[in-house]
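# Quick one, what's the 3D model for this:
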Amino acid sequence: MAKSLDAQMAAIEAEERRLAERRKAHEARVREAAIGRIEKAGLLKLPLDRLERLMGAVKTLGMDEVEKHLGTGG
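Numbers count the residues shown, from 1 in each chain. All right, here's what the predicted structure looks like:
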């Protein structure tokens with residue numbers, strides 16, 4: 001009985017590891033998609049000082065406030 005319980009626990013732990021790896025891979029794909037959208041919008045072509053000011057404004061105001069100002073309705 002103990003062996004089968006140990007085997008079940010080992011299988012559950014292995015499944016959890018696989019799920020964590022899949023989750024990490026998914027997060028990487030989502031991040032790459034977000035970077036692609038930022039690049040497509042032309043933000044990566046901005047001079048660094050302008051991009052830093054823009055990101056500073058977003059950080060200061062918060063995303064909700066920026067969306068409100070832009071009228072995107074987030």
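# For the rest of this, base every contact and every neighbour count on C-alpha atoms.
OK.
# what does the host helix or strand of Ala57 rub up against?
Taking DSSP states H and E as the criterion, Ala57 maps to helix 48-61. Surrounding helix 48-61, the residues in contact under the criterion C-alpha atoms under 8 Å, 6 or more residues apart in numbering are 43-44, 66.
# would you turn those residues into a markdown table with distance to Arg53, secondary structure and pLDDT?
Shown next, in a markdown table, are the contacts of helix 48-61 (distance: C-alpha to C-alpha, whole Å; DSSP: H, G, I helix; E, B strand; the rest coil; pLDDT from 0 to 100):
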| residue | distance to Arg53 | secondary structure | pLDDT |
| --- | --- | --- | --- |
| Leu43 | 12 | helix | 92 |
| Leu44 | 13 | helix | 90 |
| Val66 | 13 | helix | 90 |
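# Can I get the buried ones among these as something I can paste into PyMOL?
The following PyMOL selection, which keeps only the buried ones among those, applies the criterion 16 or more other C-alpha atoms under 10 Å:
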select buried, resi 66
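# now, which of the contacts of helix 48-61 sits nearest Glu32?
The closest of the contacts of helix 48-61 to Glu32 turns out to be Leu44 (C-alpha to C-alpha; 13.7 Å).
# Would you mind listing the residues in contact with the closest one?
So, once contact is read as C-alpha under 8 Å, 6+ apart, Leu44 ends up touching 38, 51.
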